[in-house]
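> Pasting a predicted model and its sequence here:
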Amino acid sequence: MEILGNLKNSIRHSVLPFASRIPFSPDTITYLGLIVSFLAAFEFAKGDLLLGALFLILGGVLDVLDGAVARASGTTSAFGGVLDSVCDRYADAIVFTGLIYGFVNNTIQGTGFFIEGWLWCVFAMIGSYLVSYTRARAEAAGVSKLDIGVAERSERIIILIIGALSGFLLQALVLIAILTHITFIQRVMGAKQRL
Ligand SMILES: CC(C)CCC[C@@H](C)CCC[C@@H](C)CCC[C@@H](C)CCOC[C@@H](COP(=O)(O)O[C@@H]1[C@H](O)[C@H](OP(=O)(O)O)[C@@H](O)[C@H](O)[C@H]1O)OCC[C@H](C)CCC[C@H](C)CCC[C@H](C)CCCC(C)C
Ligand SMILES: Nc1ccn([C@@H]2O[C@H](COP(=O)(O)O)[C@@H](O)[C@H]2O)c(=O)n1
Ligand SMILES: [Mg+2]
Ligand SMILES: [Mg+2]
């Protein structure tokens, strides 16, 4: 996990020179990233997994860039951090909703794994929210930074992108559902240790 943490920090650092030339405010980029997530959801609802994945990648890059632009321009703000987080929650929800719509309306094919594809989307969404909320609630209780676990947002997005591009979308959703519940337990235990 330490290696992945270092990779994330090196990516955040490596985009700073590029970010410093972006002529938009961090908040604008955050809002733009949310709009792109809506586009990804719309494409998944139509069953277009390729376009959905491409919008997920763009949305993910924007999610990295908003913080990079803030740091490069010295305009990081407490509100920006809140805005970034809540927009990520809306983005998570709308993308899973697009996938659920796709499975329910059979524009996305995929059955098996004991339960319906749309239900795996629901469990993946529940797990994702438990991961994020546990961190938010623990940090509100005084934990410094509970960014631990195997399925943080970046990992969830990458698994979804690879699943959508590779034809193994249902398998990716099953993996996200399982890994997010593991991460939820990791974070509850981490909060217990730190509080
Ligand atoms: C234009 C370019 C110069 C831009 C540079 C490109 C680089 C940015 C490379 C990006 C790779 C991109 C193609 C893949 C999509 C990126 C996506 C994975 C990133 C999504 O995570 C973004 C971010 C989320 O953290 P953030 O602080 O914004 O939000 C936090 C989050 O909401 C928390 O939720 P949770 O607790 O985790 O559930 C909240 O709790 C926090 O409060 C909130 O602040 O994470 C940034 C992580 C890294 C900086 C980016 C990770 C990149 C990957 C690990 C490695 C990318 C290369 C892979 C090999 C690509 C493979 C997939 C390929 C596309 C098929
Ligand atoms: N509109 C924004 C978005 C982000 N920030 C700051 O960046 C941090 C998130 O960095 P990422 O690389 O993970 O996106 C966030 O906590 C804020 O400090 C901002 O100020 N305004
Ligand atoms: Mg961000
Ligand atoms: Mg974010």
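Great, that's in hand. No experiment lies behind these values; they were computed from the predicted model shown. Ligands and ions are numbered 1, 2, ... in the order given.
> which residues sit in contact with the closest residue to ligand 1 within the chain?
Ligand 1 sits closest to Gly60 of the chain, with a gap of 2.8 Å, by CB to the nearest ligand atom. For the C-beta atoms, the positions are set from N, CA and C on the backbone; glycine is no exception. Neighbour list for Gly60: 154, 157-158, 161 [criterion: CB atoms under 8 Å, 6 or more residues apart in numbering].
> again, 7 Å this time
Contact partners of Gly60, counting by CB atoms under 7 Å, 6 or more residues apart in numbering, are Ile157.
> cool, and Glu139?
Counted by CB under 7 Å, 6+ apart, Glu139 has contacts 145-146.
> Next, the buried residues of the helix or strand where the residue of the chain closest to ligand 1 lies.
Gly60 is part of helix 49-72 when elements are defined by DSSP states H and E. For helix 49-72, a neighbour-count test (16 or more other CB atoms under 10 Å) marks 49, 51-60, 62-72 as buried.
> ok and the helix or strand containing Lys192 relative to helix 49-72, angle-wise?
Assigned by DSSP H and E, Lys192 belongs to helix 169-194. In terms of direction (axes from the mean of the first three to the mean of the last three CA atoms, to 10 degrees), helix 169-194 departs from helix 49-72 by 30 degrees.
> Could you confirm whether helix 169-194 reaches ligand 1?
No. Helix 169-194 is not in contact with ligand 1 by CB under 6 Å from any ligand atom; minimum separation 8.0 Å.
> how close does Ser128 sit to Asp88?
According to CB to CB, to the nearest Å, Ser128 stands 10 Å off from Asp88.
> Neighbour count: these two, which is higher?
Ser128 (27 against 20; other CB atoms under 10 Å).
> Distance-wise, check the more buried one relative to ligand 4.
13 Å (CB to the ion, to the nearest Å).
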